[in-house]
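A.B. asks: Sequence below, structure please.
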Amino acid sequence: MAKPKLTFEEALKQLETIAEQIEQGKIGLEESIAQYEQGMTLVRYCREVLSKAELRIQRLQQRGDGTLEVTPFEPQAEP
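C.D. replies: Numbering: from 1, shown residues only. Predicted structure coming up:
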């Protein structure tokens, strides 16, 4: 399956549009199913982008002596 060649923001906007069309009944059943499939592809793409971004994020922490130390980002555990 080919990955969308979109920015994260473009993919998210398309997802919002698809959701609105399906929720408001603006399209028929067959088109709803096709849009749902497209939406799932966009969801996977967005999750992949977010996952890669999370791996790249680094947090700067100030040491006791005032210098900055780069440490890997560690997400907080969900409650």
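A.B. asks: show me where this protein has strands.
C.D. replies: 58-62, 68-72 (DSSP state E).
A.B. asks: ok, so what distance separates Ala64 from Thr71?
C.D. replies: Let me fix one detail, which is that residue 64 is Gly and not Ala. 15 Å (CB to CB, to the nearest Å). (Glycine included, C-beta is placed from N, CA and C.)
A.B. asks: And stretch 37-53, what's buried?
C.D. replies: Residues of stretch 37-53 classed as buried: Gly39, Thr41, Leu42, Tyr45, Cys46, Val49 (neighbour count, 16 or more other CB atoms under 10 Å).
A.B. asks: can you put these in a markdown table and add pLDDT and distance to Phe8?
C.D. replies: As requested, the buried residues of stretch 37-53 are arranged in a markdown table below (pLDDT from 0 to 100; distance: CB to CB, whole Å):
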| residue | pLDDT | distance to Phe8 |
| --- | --- | --- |
| Gly39 | 95 | 15 |
| Thr41 | 96 | 14 |
| Leu42 | 96 | 10 |
| Tyr45 | 95 | 8 |
| Cys46 | 95 | 6 |
| Val49 | 92 | 5 |
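A.B. asks: Just name the closest of those to Ile27, please.
C.D. replies: Gly39 (12.2 Å; CB to CB).
A.B. asks: Just give me the residue closest to the centre of this structure.
C.D. replies: Centroid-nearest residue in the chain: Cys46, 3.1 Å away (criterion: CA atoms, centre = their mean).
A.B. asks: wait, what's in contact with it?
C.D. replies: Phe8, Ala11, Leu12, Leu15 (CB atoms under 8 Å, 6 or more residues apart in numbering).
A.B. asks: Next, count neighbours for the second one.
C.D. replies: Around Ala11 sit 21 other residues, with neighbours defined as other CB atoms under 10 Å.
A.B. asks: Touching, it and Thr41? I think so.
C.D. replies: No. The criterion here is CB atoms under 8 Å, and Ala11 misses it with Thr41 at 9.1 Å.
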